[in-house]
Every structure is written in structure tokens, then in C-alpha cells.
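**Student:** Requesting a structural model of the entry that follows:
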Amino acid sequence: MSNTETTQHTPGPWQSRETNYGFTVDAVKTIDHVAGVRIPASPHETGATQAANAKLIAAAPDLLHALEVIKHMAQDAHFGAIADAAARAINKAKGNA
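**Tutor:** A predicted model of the protein is given here:
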């Protein structure tokens with residue numbers, strides 16, 4: 001992907017729900033499938049861990065929006081370190097890291 005292209009994620013909000021095979025994360029408005037979290041294949045993972053992972057994935061659009069607000073507010077208040085940390089996380093989320 002070139003630097004001029006921007007990949008857009010599926011618009012939020014997203015929700016997670018349990019299925020017969022684990023958990024799925026879907027867009028609320030479009031019903032697009034976003035991600036799946038399978039039933040644990042490892043003895044170190046539990047259903048509770050998988051449910052928590054699915055909830056974290058479902059929160060991604062809200063977390064990204066919150067970071068963008070924090071970055072903007074931190075820049076306006078001249079809190080460079082906070083703005084820089086938020087910018088790094090935003091870039092990583094958008095695939096620009």
C-alpha cells in the first residue's frame with residue numbers, strides 16, 4: 001500500500017457475541033463480520049480469555065476515537081508526550097506504524 005492510500009476500518013460501533021465456535025465481532029449498523037475469536041485451542045487460554053479478547057476487539061473503534069480526541073486535546077494544551085503517545089497508537093491502529 002502506498003503512503004497516499006488509506007485503508008478504512010469497518011465503521012463502529014462493533015459488538016461481540018458468543019457463537020457455537022467461540023465469539024464473533026460484528027458491526028452493529030452494517031452487520032459486517034469484523035473478527036472471530038475461536039474456542040481456545042491451548043490449555044493456557046480459557047473461554048473467559050476469549051470473551052475478553054472479543055470485547056476488546058469490539059471496543060476498538062471507540063478506543064481509536066478516544067485516542068484521536070486525547071491527541072487533539074493534548075496538542076492544544078501543549079502536552080507533547082501525551083500527544084505523541086496517542087499519535088503512535090493511532091498510527092499503529094491505522095497500519096501506519
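**Student:** Longest helix in the protein, please.
**Tutor:** Identified as the longest helix of the chain according to DSSP state H is helix 60-76.
**Student:** I'd like to know which elements that one is packed against.
**Tutor:** helix 80-93 (3 or more Cβ pairs under 8 Å, 6 or more residues apart in numbering; DSSP states H and E). Bear in mind the C-beta positions are built from the backbone N, C-alpha and C, glycine included.
**Student:** Now do the helix it packs on against helix 60-76: the angle between them, please.
**Tutor:** In this structure, helix 80-93 runs at an angle of 150 degrees to helix 60-76, with axes from the mean of the first three to the mean of the last three Cα atoms, to 10 degrees as the basis.
**Student:** Now do helix 80-93: distance to the chain's middle.
**Tutor:** Put simply, helix 80-93 sits 15 Å off its chain's centre (Cα atoms, centre = their mean, to the nearest Å).
**Student:** Which residues outside it are in contact with it?
**Tutor:** Applying Cβ atoms under 8 Å, 6 or more residues apart in numbering, the contact partners of helix 80-93 are 60, 63-64, 67-68, 70-71, 74-75, 97.
**Student:** So how do I select the buried members of these in PyMOL?
**Tutor:** Once 16 or more other Cβ atoms under 10 Å is used to decide burial, the buried members of the contacts of helix 80-93 can be selected in PyMOL as follows:
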select buried, resi 60+64+67+70+71+74
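**Student:** Find the pair from the contacts of helix 80-93 with maximum spatial separation.
**Tutor:** Within the contacts of helix 80-93, Ala60 and Gln75 form the most distant pair, 22.5 Å apart (Cβ to Cβ).
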